[in-house]
Each structure stands twice: as C-alpha cells, then as structure tokens.
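**Q** only the shape, not the letters, is given here:
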DNA sequence: AACGCGGGTGATCGGGCGATAGATAGGCGG
DNA sequence: CCGCCTATCTATCGCCCGATCACCCGCGTT
C-alpha cells in the first residue's frame, strides 16, 4: 500500500527559488556550511535533487546565502543620518548605533558572518572595509568637528582613532556573539545597553582623541626608524 | 625497485600521543573540526590509521584538542594579581589585561574558541562564566573600593556593571577576531592598544558605575511600577 | 641469535553525501 | 478534453572519509 505523501506542491520557478534561498539561509546559519543538502531539502519539504534544478551545486547555494545576507543589510540611510548636521553629532551617532545594532544583532547575521570568516572568505574584510570607510570615518569626522579639532582633511585619521571605533563596534557586536554563538544569556533590553555603550564612548573619546592628535606629546612608539 | 619511504620513525607511545595532540590542535584550529583525519595524518608525517591507535575516534581527538586549549590557558596568578592590594587598583587592572590579552590573542585560542562555540559546545559558556565569576567580580570589587563605592557584599553587582566588563573584554577579544578570523590587518603593537583600551575603560567607568548604583536617579526601565 | 612486544603500515569496508538521469504528474494553451 | 511543458520525484552513481583488520618490523630481553 502506498503511503500518502504530502502532496507534491508545484510552484513557479521564481517562487521556489526564493523559498530555497530563504530556507538555505536559515539552515546554513544554524548548521554551518557543512550542513547537508538532504537535511536542507527535508526542512523545505522537498526532495534533495530539486535543489539542483535551481542551483548548479552546493557552492552556488552557499554563494546565494552570502548574497542574501550581506547585500540586503546595508541601509544607505545610515550615511545620510550621520551626515545630517541639522542634529547634534552625539544624537546622530547614538541614533545610528541603535539602528545598526538592530540590523546586525540577529541570529542569521552574526552566525553567517562568523562562518564566512572562518571559511576564509574575504567577504568579511570587504564588508568591514566598507564599514570603516563609510561609517568610522564619518563618526570621527563629526566628532572632531563637534570638539573643535582639525578635520580629517587637515589631519588624517590616526590608527588609534580607528581603534576606538573598533572597540565600540566590538562591544556591540560581541553582544550578538555571546547570545548566538556562545549561547549565553544577555540583558533583556539590548537597546538600553547599546545606548549606554555609545554614550560612554562619546564621553570617553574626546580625551583619547585629543591625546592621539598631539603625537609630539607622546614618546615615539618604536625606536629603530632611522629617517632624516 | 622500492621507493625510499621517509623512514618509519618509531616513538614511545607517550611522545607520539603528544605529537598527535599538538598537531591536532594546529590542524583543527586552522581547518575547523570538519578537517579530515587523512589530512591531519599527512601533516604529522604518519599514516591515518595510526591516529586510531591513540584515539578511539575523531571525536576523542577533538575532545583532546579542547582540553589542550582550554585547560592550559588559565593562569591562577591572575586572581592573585587582581587581589594584591599593595598596588593601586588601576595599575593591577591594566597589568592584568595586558597579560590576559597576551594569553588570549593567539591564532589557536581565538579560532578554537569560535569553532567550539559554533559547534554548540557549552565549553565557551562554562569558560566565560569562570571569567565572570573570577575576573569581572574582582575588577568591579576593586574599582568600587577605589572610588569609595559600596562593596558587592553591600550592593550586589548590577547587570550594567557586568555589561561594562563585557564591553572591555569584547574590545580586546575582537582584536583577535579581526586578525585571525576576518584576516584583517591590526596595529603593530597590540600591547599599546590594549593598554589604551583598559585605561580608557578605567577613566570612563566611574561615571557609569555611579549612575548604575543610584537607580532612583534613573527612570524605572519598565513601566508597571506604580509609585508615588 | 632467537623471540616477542608493540609501534607503525597497507588495504579495505561501509556509510554518507553531492550530484545525475530518467520517470511522473500538475496545470495551462488550444 | 487533449497534449505538452516543466516542476518534482524515485533511484542511483561515485567519491570521500571515518574506521577496522591483518600484517610488518625494529628494539630490548634473555
């Protein structure tokens, strides 16, 4: 006797492809890219060979996952927000990080980001270069302006200033790592924590930046630089 | 004619086991735990079945890697260092983080830590609970003392204080992530960066802690607290 | 010199998993 | 209502990889 199979649902090629792509994101960010195509198919309620009608091989599926996750997450309004000088700089920066945290502190983003990094993709470095060029530079520029310091055009942004930005970025991103990679409990209202981190950063940064902008007041960091 | 094989080197069981264990750490932290036993054997210059003479299966090998990495990294002197009240608290804390960073910012530690987290091991959470209970509490205790605030026995450590510690931890750990997971360039002298992060933290923390210790001065974070 | 213990190897098995090929059936155009 | 297109399925291939087994051989002991 034939066992009653769940009825073979027939979708348009477009719809099915989108379903597979979305399912692949959910699956691979949980199981890692070592996850098996049979398992993915089972979760989608389809047979495994059907995946190969829409994607030539597993690698293409993974590429699609990358594109799905990396591309659809960048909000161009972030840059506008940071540039909008009708609002105080501090307010803009805090608003930005509140928003950025909301976009980035998700199970999918955090895990895919880690998996792709560990896999040796250069997607991470490309993405983070974007963050540095589009966000960090803007924040530093606006902060310098706020505190009456020379603009980046006059005095280029120093390594230590970027490190400060990295530290803020890290303290926010790590909340997601704690939750979705280590499986630790995190505070109920992440929003408040992010806001505190951003404001604490803004309170602490001028002193450090001022110090970094006066390199003369500081011992040269390494001796053997025999230059005229 | 027999091809000259690399001479079958015969070691004592102990020596061989240690060699395999060390090689497994190096191999798996690079390739991930999906790395193949044949590849590991090749790097060790032995045949793959020999692995199974010393370890019953791949999982046991991985367990050994965990033990190798997780256990040998905790320095009990850290706690003594933080407790040593003959030195100023700030100095102790900066010294600790300089040392801790040196221990933790290594290719092996960072990657194994991430891999084991993504694999769903609870080793990470166990380790980090240790860090919280042994380090964070100590740092907060000493800082409170330094700034004339009530001791943890009087006023328990609040969530926001722990979040501050997490932020510092994150900003240091993330340096390793940037380098060994994302493959990004990091500053030449990490020591200086870590020291700056620690001192900036120490400069910024009293204000935030003071605020956190006066919950009355702050709006209750959730409405349903009907108060006069 | 003979022996045997134990470290090391070659050959191979069995299951798992990516990928393919040919059969089947849903649904639209006529 | 027929016929075709194509989305989906069943069956299977071939390789990879963890694991096993039988055998080899160098060294210490007697």
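**A** The structure has been received and is ready for your questions. Just so we're clear, the structure is a prediction, and the values are computed from it rather than from any experiment. Residues are numbered from 1 along each chain as shown, chains lettered A, B, ... in the order given.
**Q** now do stretch A:152-159: distance to the chain's middle.
**A** Per CA atoms, centre = their mean, to the nearest Å, the displacement of stretch A:152-159 from the mean C-alpha position of its chain is 25 Å.
**Q** scratch that, stretch A:192-210 is what I was asking about
**A** With CA atoms, centre = their mean, you get 20 Å for stretch A:192-210.
**Q** hmm, who's touching that stretch?
**A** Outside of stretch A:192-210, the residues within contact range by CB atoms under 8 Å, 6 or more residues apart in numbering or on different chains are A:90, A:93-94, A:97-98, A:101, A:140, A:143-144, A:147, A:149, A:160-161, A:164, A:167-168, A:171-172, A:175, A:187, B:160, B:163-164, B:167, B:196, B:200, B:203-204, B:207-208, B:221. C-beta coordinates here come from the backbone N, C-alpha and C atoms, glycine included.
**Q** then stretch A:145-158?
**A** Contacts for stretch A:145-158 (CB under 8 Å, 6+ apart): A:88-90, A:136-137, A:140-141, A:143-144, A:206, A:209-210, A:212-213, A:215.
**Q** check these for burial and list the buried ones.
**A** A:89, A:136-137, A:140-141, A:143-144, A:209, A:212-213 (16 or more other CB atoms under 10 Å in any protein chain shown).
**Q** those residues in helices, which ones?
**A** A:89, A:137, A:140-141, A:143-144, A:209, A:212-213 (DSSP state H).
**Q** now these as CSV including pLDDT and distance to DNA strand C?
**A** Output for those, formatted as CSV (pLDDT from 0 to 100; distance: CB to the nearest atom of the strand, whole Å):
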residue, pLDDT, distance to DNA strand C
A:89, 96, 49
A:137, 98, 41
A:140, 97, 44
A:141, 97, 46
A:143, 95, 48
A:144, 95, 51
A:209, 82, 49
A:212, 73, 49
A:213, 72, 53
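**Q** now for those, which pair is the farthest apart?
**A** Across these, the longest distance by CB to CB is 18.1 Å; it joins A:89 and A:212.
**Q** tell me the contacts of the most centrally placed residue in chain A?
**A** Closest residue to the average C-alpha location of chain A: residue A:104 at 5.3 Å, with CA atoms, centre = their mean. Contact analysis of residue A:104 by CB under 8 Å, 6+ apart lists A:73, A:110, A:172-173, A:176.
**Q** just residue A:108 next, same as before
**A** Residue A:108 sits next to A:25-26, A:29, A:69 when contact means CB under 8 Å, 6+ apart.
**Q** buried subset of these, written for PyMOL?
**A** Buried members of these, defined by 16+ other CB under 10 Å, are picked up in PyMOL with:
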select buried, chain A and resi 25+29+69
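**Q** in TSV: the contacts of residue A:108, plus secondary structure.
**A** Below are the contacts of residue A:108 laid out as TSV (DSSP: H, G, I helix; E, B strand; the rest coil):
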residue	secondary structure
A:25	helix
A:26	helix
A:29	helix
A:69	helix
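**Q** so can I have a markdown table of the contacts of residue A:108 showing distance to residue B:18 and pLDDT?
**A** Shown next, in a markdown table, are the contacts of residue A:108 (distance: CB to CB, whole Å; pLDDT from 0 to 100):
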| residue | distance to residue B:18 | pLDDT |
| --- | --- | --- |
| A:25 | 42 | 98 |
| A:26 | 42 | 98 |
| A:29 | 37 | 97 |
| A:69 | 41 | 94 |
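**Q** kindly identify which of the contacts of residue A:108 also come near chain B.
**A** Among the contacts of residue A:108, not one lies near chain B by CB under 8 Å from any CB of the partner chain.
**Q** what's the farthest-apart pair in the contacts of residue A:108?
**A** Within these, A:26 and A:69 form the most distant pair, 10.7 Å apart (CB to CB).
**Q** C-terminal to the helix or strand harbouring residue A:14, what's the next element?
**A** Here residue A:14 sits within helix A:13-31, counting by DSSP states H and E. Counting by DSSP H and E, the next helix or strand C-terminal to helix A:13-31 is helix A:37-44.
**Q** which among the buried ones among the contacts of stretch A:145-158 gets closest to chain B?
**A** Closest approach between the buried ones among the contacts of stretch A:145-158 and chain B, by CB to the nearest CB: residue A:212, at 9.0 Å.
**Q** low-confidence ranges in chain A?
**A** Applying pLDDT under 70 to chain A flags the ranges A:1-7, A:214-228.
**Q** and it, which residues reach DNA strand C?
**A** With CB under 7 Å from any atom of the strand as the criterion, chain A comes near DNA strand C at residues A:7-8, A:10, A:35-38, A:48-49, A:52, A:56-59.
**Q** cutoff 6 Å now
**A** Contact residues (CB under 6 Å from any atom of the strand) of chain A with DNA strand C: A:8, A:10, A:36-38, A:48-49, A:52, A:57-58.
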